[in-house]
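[1] next one to model:
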Amino acid sequence: MSPYEVLVMFDAELDEDAQVEIVSRVQEIVTANGGTWHGAEAWGLRKLAYEIDHKTDASYRLLTFDSTPGALEELTRILKINEGVIRHMATRRIEQTVPATSPEPAA
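    Numbers count the residues shown, from 1 in each chain. I've put the predicted structure just below:
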């Protein structure tokens with residue numbers, strides 16, 4: 001299992017219930033393939049840097065989970081064919097570790 005996060009840009013005209021339905025579909029795919037769902041964080045409506053399909057705004061959500069690469073491929077396929085999703089980007093999460101002691105400055 002690898003940790004992933006997917007940033008999804010929804011059409012600004014898509015209602016909240018439809019967005020939640022798409023996110024729950026992604027959650028079902030992750031859990032059905034033995035993954036662990038961590039959550040979905042709504043970032044809200046934001047202005048796009050450039051127009052995409054004559055749209056200037058999008059609603060963003062960050063999805064975090066652990067899953068297999070096969071499950072990631074399936075949910076990417078689902079997001080590609082969904083008309084309410086403008087763009088999405090899946091990345092592997094890197095867990096940050098903080099050293100126990102700070103290194104000594106070089107003399």
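
[2] tell me the buried residues in stretch 22-39?
    Across stretch 22-39, burial judged by 16 or more other Cβ atoms under 10 Å covers I22, V23, V26, Q27, I29, V30, N33, G35, W37. The C-beta positions use only the backbone N, C-alpha and C, and glycine is treated the same way.

[3] got those as TSV, with secondary structure columns?
    Converted to TSV, the buried residues of stretch 22-39 look like this (DSSP: H, G, I helix; E, B strand; the rest coil):
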residue	secondary structure
I22	helix
V23	helix
V26	helix
Q27	helix
I29	helix
V30	helix
N33	coil
G35	coil
W37	strand
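
[4] report the secondary structure state of Q19.
    Following three-state DSSP, we place Q19 in the helix state.

[5] meant to ask about R25, not that
    Per three-state DSSP, the secondary structure class of R25 is helix.

[6] which pLDDT does the model give it?
    For R25, the pLDDT comes out at 93.

[7] the residue nearest to it when sequence neighbours are not counted: what secondary structure?
    The spatially closest residue to R25, leaving aside those adjacent along the chain, is I78, at 6.5 Å (Cβ to Cβ, 6 or more residues apart in numbering). Judged by three-state DSSP, the three-state class of I78 is helix.

[8] before we move on, what about T91?
    T91 is classified as strand under three-state DSSP.

[9] residues contacting it?
    Shown in contact with T91 (Cβ atoms under 8 Å, 6 or more residues apart in numbering): Y4, E5, V6, L7.

[10] go with 6 Å
    If you count contacts by Cβ atoms under 6 Å, 6 or more residues apart in numbering, T91 has them with E5.

[11] same check on I86?
    Contact analysis of I86 by Cβ under 6 Å, 6+ apart lists M9, D11, I52, A58.
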